[in-house]
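Asks: I'd like to go over a predicted model; first the sequence, then the structure.
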Amino acid sequence: MAILQQPVVGGNVFAELIGDDLAPAGTYAATVIDIVDEFGVQRQKFQSTEIETVDLTTFCFGFRDAQGFEHRVASRRMKISGNEKATLFSFLKSLLGRAPQFGWDYLELKGAQCLLTVEHIQRRDGTGVFAGIAALSPMLQAPAAAAPRPAAPVAPMRPLGPGPAVQRLVVGPGVRPQSAVVPARPAQAVRPVAQAPVAVADDPIPF
């Protein structure tokens, strides 16, 4: 007796969209362009011959290379699970930069931007390589501009007043030269000083 069974689904759900394009390896600014959920999928358990029925999700990213050419790369098909050890939980944590909240619809990530690192992985059958996702991280935020530092307060200028006392040489007729301390006049009250009389020749004026 032969029983018709549902085929075990394998491969990439975005294979038709990606086509033969091999995304270049490297790190790029990418956008989540699509997310596909599959429910009731039969697949072979890891390292087992047993078949299990699971719900899966796959992310597809798009980016441009340095020459401006568009490329697409898809994630692995991940089991929809909120377990902290699940592949999907770790994937979302890397994409968000934090642990996802339970009860949140991750389909909201369509159109989100991130940093995506692409690597080339050898196919199991040895028929070349395919582009896979090596790392994910949130898009870097531009640092906020530093606020201008306030200018140092300028002390108010004081009005000019009498300056310090200075020494002057007092010379007059019939007197010996002597030094006296004469207070300086204010700047605004300076008057021209009359020329002192010339000493007579008999006055001993030492130099």
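Replies: On my side now, so go ahead.
Asks: just name the shakiest helix or strand of the protein by mean pLDDT.
Replies: The helix or strand of the chain with the lowest confidence, counting by mean pLDDT, DSSP states H and E, is strand 166-170 at a mean of 46.
Asks: buried residues of the helix ranked longest in the chain, list them for me.
Replies: Ranked by residue count and defined by DSSP state H, the top helix of the chain is helix 87-96. Buried residues in helix 87-96, counting neighbours by 16 or more other C-beta atoms under 10 Å, are found at 88-89, 91-92, 95-96. No exception for glycine: its C-beta is placed from N, CA and C like everyone else's.
Asks: quick check: which helices or strands does it pack against?
Replies: The elements that helix 87-96 packs onto, with contact taken as 3 or more C-beta pairs under 8 Å, 6 or more residues apart in numbering; DSSP states H and E, are strand 78-79, strand 129-138.
Asks: out of these, nearest to Pro24?
Replies: Evaluated over those, closeness to Pro24 peaks at strand 129-138, with 8.0 Å, by C-beta to C-beta.
Asks: next, the angle from that closest one to helix 87-96.
Replies: Going by axes from the mean of the first three to the mean of the last three C-alpha atoms, to 10 degrees, strand 129-138 is angled at 60 degrees with respect to helix 87-96.
Asks: which other residues reach strand 129-138?
Replies: The contact list for strand 129-138, computed with C-beta atoms under 8 Å, 6 or more residues apart in numbering, reads 22-25, 27, 61, 71, 73, 75-76, 91, 94-97, 114-123.
Asks: of those, just the buried ones, PyMOL syntax please.
Replies: This is the PyMOL syntax for the buried subset of the contacts of strand 129-138, where burial follows 16+ other C-beta under 10 Å:
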select buried, resi 23+24+61+71+73+75+91+95+96+114+115+116+118
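Asks: among the contacts of strand 129-138, name the ones in helices.
Replies: Among those, DSSP H puts 91, 94-96 in helices.
Asks: spatially nearest residue to Thr57 (excluding sequence neighbours)?
Replies: Closest residue to Thr57 apart from its sequence neighbours, by C-beta to C-beta, 6 or more residues apart in numbering: Asp37 at 4.9 Å.
Asks: which stretches of the protein aren't confidently modelled?
Replies: Applying pLDDT under 70 to the chain picks out residues 1-11, 142-207.
Asks: okay, strands next: where are they in it?
Replies: With strands called from DSSP state E, the chain shows them at 26-44, 51-64, 70-74, 78-79, 113-122, 129-138, 166-170, 178-182.
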